[in-house]
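Enquirer: Predicted coordinates and the sequence they were generated for:
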Amino acid sequence: MSRYPHNQDYRNGRSRRNGQQHGHGRGEGYNAHHTHDEHVALSQQSGHVQAVSHHRMQLNNYLQHRFRSTRDLHISESTTGPGHALWWTVVVLFRNVEYGRGEGVTKASATELACQSALNALMQPGIGH
């Protein structure tokens, strides 16, 4: 039995007819187009939509799964350049070994590049033991 009648008019004037789902339903929403391992979010900046990857989260998940800890992970960042045009450099160390380095105009973009590089390096057979 459904919580709502199949034909329901809402207070705001919208209606849901037979077969339509709410925006949070399990129909063809955002998650229906992406696999479980593909962590992608959409970010709206200045009117355009761009895909943003979550490599830092994937790196943490991978280390947690493979080594049962992220305790030995260290991410350091530094900046160069004038205050109005900083250039970020992020280095990813695992067990005091550098596995990734990223540079960019934002701290977030440099971190994502460094984590992507580190994740790719750590996923190689025989690495990180």
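Expert: Cool, the structure landed. Numbers count the residues shown, from 1 in each chain.
Enquirer: Which residues in the strand or helix carrying residue 79 does the neighbour count mark as buried?
Expert: Using DSSP states H and E, residue 79 maps to strand 73-80. Of all the residues in strand 73-80, those buried under the rule 16 or more other Cβ atoms under 10 Å are 73, 75. Every residue, glycine included, has its C-beta placed from N, CA and C.
Enquirer: Beyond it, next helix or strand please.
Expert: strand 87-94.
Enquirer: Which residues does that next one contact?
Expert: 59, 63, 72-81, 98-107, 109-111, 113-115, 117-118, 122, 128 (Cβ atoms under 8 Å, 6 or more residues apart in numbering).
Enquirer: Which ChimeraX command selects the buried ones in the residues you listed?
Expert: Typed into ChimeraX, the line below selects the buried ones among the contacts of strand 87-94, using 16+ other Cβ under 10 Å:
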select :59,63,73,75,99,100,102,104,110,111,113,114,115,117,118,122,128
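Enquirer: Residue 64 touches residue 70, doesn't it?
Expert: Yes. In this structure, residue 64 is within contact of residue 70 by Cβ atoms under 8 Å, at 5.9 Å.
Enquirer: need the helices for the protein, in chain order.
Expert: Ranges of helices within the chain are 55-67, 107-122, based on DSSP state H.
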